[in-house]
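K.L.:
what follows is a predicted structure for the sequence shown.
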Amino acid sequence: MTTRRAASKSGPGPRPSVAIIGGGPAGLIAADLLSEECEVHLYEQGRMVGRKFLVAGDGGLNITNSATGEELYAKFIPRALMQPMLEAFGPVELRSWLRVLGVPTYVGSSGRVFPERGIRPAEVLGAIRDRLDTKGVSVHPDHAFVGFDAQARPIVVHVDGRTTLDADLVLFALGGASWPKTGSTGSWTAYFEAVGIRTMPFAASNCGVEIELPDTIRPHLGKPLKNIVISSGDRVVHGEATITSYGLEGNAVYPVVPAIREALAMGGPAYLTIDLKPDLSMEQVEQRLRDAAWKERMAAIRLDRHAVALYKAFTPLERSLDGRWLAHDIKNLRIPVKALRSVEEAISTVGGIAIEEVGSDLALLKHPRMFVAGEMIDIDAPTGGYLLQAAFSMGIWAAKAMLVKLSGRKTN
């Protein structure tokens, strides 16, 4: 086993040495900032950096969101940890950074931000990689993190052998357990547990929900439920959902997953409540139904056939035939949820490094020369650009804290 020594920090000699383990968004943007003052070595277990970044870009790279202030901060759990990072480096700052890289962006529907049309995800990743090359960042592909030595120094393994990293500071940006085909398996938790860092089990987030669907729904699989409102617990989301072979998925489903997950974890029943006609008040629905013939009721409120099928599937026949409850149930369709889809199918995960193990600067409290960032920390955020924004914000935050620590300055 070899040991890669850190550069000396004394005198006018070589710059301090920083190791970054993980080549996703958090690790890449941290490397950019740290390279201003440090010798940076970035270790990636795959053949190339940013594989998960490319997967996230399938169908369009939603890189951030134009939301600001309360609208932005409320999307993140835990908010207390994330808000200072978003205030310091939010969507405006991320878009400015990308512009410097030659990647202009635009605001699309629902505030989602994308690279300008014609710019592919691979080109965005290439621009980031070119910047790191220009700034002298050393990228080491095919180097897998395999644990710590007796002095809690990280060990990486390559075809040429095992190397102990003796850097001045280390940033871990290892990802969670979603999209395992990209190498993000979450298997690293055992290594951190071995050095006294508590981790939380990984669980699916931003995923579909499993529902017991009757055979009457089968002809409607793949059909979208457009312009609906889904709520669970205290979460209310306006958007779309798709009827699938296992239940429901879509941008109106994903943000309520934390409430469903919590209810299921407590052993109690979990429900989605769907407003199939959110643009009409209860009184307006009642009025339209009152003026329509019995067989024309659903047409009177312009309810799609698959929405009608879903309503009938989860409304007792006697109740649906009783016109007194029809308007209420169309706007409050209650559907029991059996389970969430698996971690492997989820867009993102919660779990990983427990929040209590991490300081406000993203350093590990028990190992203050180690920092963590990205999905490997037990945080949650919905789709819509917020997940990538969180990774970039945390990468910048950790990098700034590392520079402060290397300079010997005290943080607030």
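P.N.:
Perfect, thanks for sending it.
K.L.:
okay, and Leu132 sits in which element?
P.N.:
helix 121-134 (DSSP states H and E).
K.L.:
just checking: what are the partner strands of the next helix or strand after that helix?
P.N.:
Counting by DSSP H and E, the next helix or strand C-terminal to helix 121-134 is strand 138-140. Paired with strand 138-140 in the same sheet, following DSSP bridges, are strand 39-43 (parallel).
K.L.:
returning to that earlier point: quick one, the helix holding Leu132 and strand 39-43 angle?
P.N.:
Per axes from the mean of the first three to the mean of the last three CA atoms, to 10 degrees, the angle that helix 121-134 makes with strand 39-43 is 140 degrees.
K.L.:
check which residues of stretch 329-341 are buried.
P.N.:
Residues Asp329, Ile330, Lys331, Leu333, Ile335, Val337, Ala339, Leu340, Arg341 are the ones in stretch 329-341 that count as buried (16 or more other CB atoms under 10 Å). No exception for glycine: its C-beta is placed from N, CA and C like everyone else's.
K.L.:
Ser178: what's it in contact with?
P.N.:
For Ser178, the contact set (CB atoms under 8 Å, 6 or more residues apart in numbering) comprises Ser184, Ala204, Val343, Glu344, Ala346, Ile347, Ser348, Thr349, Glu375.
K.L.:
tell me which two in those are the farthest apart.
P.N.:
Across the contacts of Ser178, the longest distance by CB to CB is 14.6 Å; it joins Glu344 and Glu375.
K.L.:
higher neighbour count, those two?
P.N.:
Glu375 (33 against 14; other CB atoms under 10 Å).
K.L.:
neighbours around the residue nearest to Ile119 when sequence neighbours are not counted, how many?
P.N.:
The shortest distance from Ile119 to any non-neighbouring residue, by CB to CB, 6 or more residues apart in numbering, is to Val103 (6.2 Å). By other CB under 10 Å, the residues close to Val103 number 20.
K.L.:
surely Val103 is in a strand?
P.N.:
No: counting by DSSP: H, G, I helix; E, B strand; the rest coil, Val103 falls outside a strand, being coil.
K.L.:
re earlier: ChimeraX command for the buried members of the contacts of Ser178?
P.N.:
To isolate the buried subset of those in ChimeraX, counting by 16+ other CB under 10 Å, use the following:
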select :184,204,343,346,347,348,349,375
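K.L.:
confidence-wise, which of the contacts of Ser178 comes last?
P.N.:
The pLDDT minimum for those sits at Ser184, where the score is 78.
K.L.:
go ahead and produce CSV holding the CA coordinates of stretch 128-138.
P.N.:
Extracted C-alpha coordinates of stretch 128-138, given in CSV (Å, rounded to 0.1, in the frame of the first residue of the first chain):
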residue,chain,number,x,y,z
ILE,A,128,-16.8,21.9,-16.2
ARG,A,129,-14.1,19.4,-16.8
ASP,A,130,-12.2,21.7,-19.2
ARG,A,131,-12.3,24.4,-16.5
LEU,A,132,-10.8,22.0,-13.9
ASP,A,133,-8.1,20.9,-16.4
THR,A,134,-7.2,24.6,-17.0
LYS,A,135,-6.9,25.2,-13.3
GLY,A,136,-4.6,22.2,-12.7
VAL,A,137,-7.0,19.9,-10.9
SER,A,138,-5.7,16.3,-11.0
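K.L.:
can you give me the strands for the stretch 201-350 of the chain?
P.N.:
209-210, 224-232, 235-243, 247-249, 270-275, 333-337, 339-340, 348-353 (DSSP state E, counting those that start in this stretch).
K.L.:
isn't Ile243 right up against Arg305?
P.N.:
No: applying CB atoms under 8 Å, one finds Ile243 not in contact with Arg305, separated by 11.3 Å.
K.L.:
overlap in contacts, the two.
P.N.:
His220.
K.L.:
settle it for me: which of those two has more neighbours?
P.N.:
Using other CB under 10 Å, the more surrounded residue of Ile243 and Arg305 is Ile243, with 24 against 11.
K.L.:
per the record, what domains does this protein have?
P.N.:
According to automatic domain parsing, the chain comprises the domains 2-204+347-407, 209-340.
K.L.:
shaky segments in the protein?
P.N.:
Applying pLDDT under 70 to the chain flags the ranges 1-13, 294, 409-412.
K.L.:
just give me the longest helix of it.
P.N.:
The longest helix of the chain (DSSP state H) is helix 386-407.
K.L.:
so Gly27 sits against Phe371, correct?
P.N.:
No: under the criterion of CB under 8 Å, Gly27 is not in contact with Phe371, lying 10.8 Å apart.
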